[in-house]
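1. Would you be able to build a 3D model of this:
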Amino acid sequence: MPQQKTLALLDASGYLYRAFHAIRPLTAPDGRPTNATFGFATMLRKLLAQRRPDAVAVCFDRPEKTFRHEMDPEYKATRASMPDDLVPQVADVKALCRAMGLAVVEEPGFEADDLIGTLADKGARAGLKVEVVSADKDLFQLVRGDEVAVWHPVHEKLLDEAGVAGLFGAPPERVIDVLGLMGDSSDNIPGVKGIGEKGAKELVATFGGLEEIYARIGELKGKRREALEAGKDDAFRSRELATVRRDAPVPGGESGESLLAAFGLPPQDRDRLAAFYEELGFFRLKKELLEAAGPAPAAAAADAARGSSSGEAKTLEAAPGPATPIGEKSDLPVWETSSDALGAFLALAAGAGLAGLHVESAPGRPFPPEPIAVVAAVPGKGLVAAPLAGDGAAAGRAFLAGLFSHGGIEVVAHESKRLHLAAATLGIAPPGRVFDTMLAAYVDGPGLHAHDLAGDARALLGRDPATVPSPKDVAGSDAFETSAELATDAGLAYLAPRALLPLALGEALRPRLAARPASLGVYEEIELPLVPVLARMERTGIAVDPATLRPSPSTSARASRASRRRFTGPRERRSTSARRRSSAGSSSKSCSTPFSRRRRRRRATRPAPRSSRSSRSGASGRFPASSSSGGSSPS
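-> Got it, this is the predicted structure:
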C-alpha cells in the first residue's frame, strides 16, 4: 500500500509576527527591513526539514475587510495596525515562498484561517494527511481523527485530538463553543461578559456545546446564570465569528492528484533562490543553499571564469577556511626581522598593487596602545609578520612606513582606523591608499550582522568564526602583550587571518559597491574620509574641567535627597515620617499621635533583650532602665 501523502497548510501571519518580534532589526543592502523575512526563511527551512511534506500551501491574510466585518463591524477593531517595518516584508515573504517553489494562497474577503480550513477539508476528503502549521488556538477546531492534525511550531509537537484537548483544555469540536463563551480579545470577539476562560471550559466540559448549555441553564445559579442569560446573543454571535469556514474559494480542485499538482514541491530553482538571498543580503542562507547539493552550473561557470582571468582569485581560494584550520605550519606567516627580507616583500606588494594588512597593539592603557607587530599578505606571494616593538622593531617600522607611503600599494585592512592610530604613535605618515573592508561591509549591509572580522567573514564568505581565533583560542591568554609572544606559532596563527581575510573580503565587496553607485559614494565620500578624523579625535580626547564638573555642597545635598526619594518606597517614606512624629511625641504630649501611642503600647509588650531583662530589678514605669553592665533597652 503506497504511503499516504502529506499536505502542509502554513498560517503565514503566525510565522511573520513571530519572526518579526524574535529577531533584531535587519536591513537588506538597499536599506529595506528584512528581519521578519530572514526569520520566516529560517523557520520555513526548518519546517520542511522536520516534517518533509509532499505539498505545501502558504496561506496569507489580505488587507481588505472580510465577511466577519460585515457580521460585526467591531471585529478586530481594537487590533493594532501592522508595524511599519513589517508591512514591506509581506511582499518579500511571498517572493521568498515563490522562489522556494511554494504555493502562495490568498483570497480577498477571506482570512488565512478560512483558506486553511477549506484546504484541510478538501485534503482530508481526498485521502491526504493534512498538517496545519500554526500556534493559533482558533485552528485547533480543524483537527479530526487521523486525517487533520496541527503542527505546533512553538512546542514542535504534532497535536491530534487528544493533544488539542490536553493543550487547550477542550476537544477540537468544542473549541468554538469555548471561544463563543470566553471571547477572543485579539480579534475583539466579545464572548459572554463575566465568563472567562476557566468558566467557559468548565461549562463546556459539564454540559457540552452552547445549545446544551442554554437548554440546561436552569441547573445553574447565581452570577454565572445571570451572565449567560444576559449574554446569550453575544455567545452565539461570538461562536459564529470564531468558526473557521470550509467553503472559501481556493485553488487545487477536489482530488488528491489535483491538490498535489497544485501544491506539490517542484525541483528547487537554486539560482533563483540564491539570487533572492543575495538581493536581501542573506549570505549564510545562500552559502548553505549552494553547498547543499554542490555548486550550481551557473555558479561553477562564474567561479571558473573568475579563476581563469585573475590570479588573485585563485590565491584567495586558499585563504583560511573550515577545511584548512588556522594554525597549521603552511598557513603561518614568516616572522622577519631582516630589513632585506622585509624590503623584498615590500617589492612583491608593489608588484601586486595591494597588500592585506593588520597592526596588532598591546592591550590596556595609556591610549593609544603601543603597536607591537604588523602582518601583511600579498595575493599569491604568502604572508610576513614583523615586530614593531622589541628586537627587530626598526626593520618592522621601516617596512610598515614603506607600505603606507608607497603610492602603488593599496592597503586592505579591516578597521583602518587602527592603522592611523598606529602611524601617529610610531611617528610615521598614515596610509595613503586604503580599502577598509569593515566600512565597505557596513555600507553594503548596515544591519545584517556584527561588523567585526569574524562576522563579516561569516556573512560574506561563509567562513566559520573559528577561522578568526582569539588569543585565548590559540594561546589561552586574554591578549598578546609583546612582540615576542606574537613570534610564536600561536601568535602567528592569530595574526594570519587578520591579513588574509581582508583580501578575500575586498574581492567580495568591491563589485557589490561598484554595482550600487550611491553606496559606493557613501563609502568613498563620507565613511572613508572620516576615518583619519575619528583617529585624531580619539588621540586628542576631550578636555574636561574638573572644577566645573565638581558638585557644590548644595548640589550634593539635593542629589542625596533625590537619591533617597528614588530608592525609598512610599511605604518606607511614610514609616520614616511616622517615626519622626513618634520621636517628637515622646518629648511633648501635645505632639503625640494615635500612631505614636500605638507604637509605644507595642513596645511596652515587646520582650526585652536578655541583657536588659537581667537588669530590670531597679526599673520602674513603662520601659526598663539601662543597666550599668552595658545592657541596652529597647528604643
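2. Double-check E410 against A352; I have them as touching.
-> No. E410 lies out of contact with A352 (CB atoms under 8 Å); the separation is 9.6 Å. The way it works is simple: take the backbone N, C-alpha and C, and place the C-beta from them, glycine included.
3. For the host helix or strand of R397, name the packing helices and strands.
-> Element membership for R397, per DSSP states H and E: helix 393-405. Contact analysis of helix 393-405 by 3 or more CB pairs under 8 Å, 6 or more residues apart in numbering; DSSP states H and E lists helix 339-352, strand 354-361, strand 371-378, strand 382-387, helix 417-426 as its packing neighbours.
4. Please identify the most buried of these.
-> Of all the helices and strands packed on helix 393-405, strand 371-378 has the most neighbours on average by mean count of other CB atoms under 10 Å, namely a mean of 28.
5. and the angle from that strand to helix 417-426?
-> Taking axes from the mean of the first three to the mean of the last three CA atoms, to 10 degrees, one finds strand 371-378 and helix 417-426 inclined to each other by 130 degrees.
6. and strand 371-378, which strands flank it?
-> strand 354-361 (antiparallel), strand 382-387 (antiparallel) (DSSP bridges).
7. Alpha carbons of that strand, in PDB - could you do that?
-> What follows is strand 371-378, C-alpha atoms only, in PDB (Å, rounded to 0.1, in the frame of the first residue of the first chain):
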ATOM      1  CA  PRO A 371      51.800  48.900  18.300                       C
ATOM      2  CA  ILE A 372      53.800  45.600  18.700                       C
ATOM      3  CA  ALA A 373      53.600  43.800  15.400                       C
ATOM      4  CA  VAL A 374      52.500  44.000  11.800                       C
ATOM      5  CA  VAL A 375      51.300  41.200   9.500                       C
ATOM      6  CA  ALA A 376      51.000  41.600   5.700                       C
ATOM      7  CA  ALA A 377      49.700  39.300   2.900                       C
ATOM      8  CA  VAL A 378      50.200  39.600  -0.800                       C
END
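8. all helices of the stretch 151-300 of the chain, in order?
-> Using DSSP state H, counting those that start in this stretch, the helices of the stretch 151-300 of the chain run over 161-168, 175-182, 197-207, 210-215, 222-230, 232-242, 256-263, 270-280, 283-292, 297-309.
9. Out of those helices, the one nearest R98 is which?
-> helix 270-280 (8.8 Å; CB to CB).
10. other SSEs contacting that closest one?
-> Going by 3+ CB pairs under 8 Å, 6+ apart, helix 270-280 lies up against helix 87-99, helix 283-292, helix 297-309.
11. could I get the strands paired with strand 371-378 as TSV with mean pLDDT and distance to P171?
-> Putting the strands paired with strand 371-378 into TSV (pLDDT from 0 to 100; distance: least, CB to CB, whole Å) gives the following:
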stretch	mean pLDDT	distance to P171
strand 354-361	96	65
strand 382-387	95	69
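12. With K232 as the reference, name the closest of those strands.
-> strand 354-361 (76.4 Å).
13. From the rest of the structure, what touches that closest one?
-> With contact meaning CB atoms under 8 Å, 6 or more residues apart in numbering, strand 354-361 is reached by 349, 368-379, 388, 400, 403, 409-414, 418-419, 421-422, 435, 480, 486, 495, 498-503, 506.
14. again with stretch 226-241
-> Identification of contacts with stretch 226-241 by CB under 8 Å, 6+ apart yields 68, 71-72, 75, 176-177, 179-181, 183-184, 187, 189-195, 210, 213-214, 217, 220.
15. Just the buried subset of the residues you listed, written out for PyMOL, thanks.
-> A single PyMOL command selects the buried members of those (16 or more other CB atoms under 10 Å):
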select buried, resi 68+72+75+176+177+179+180+181+183+184+187+189+190+191+192+195+210+213+220
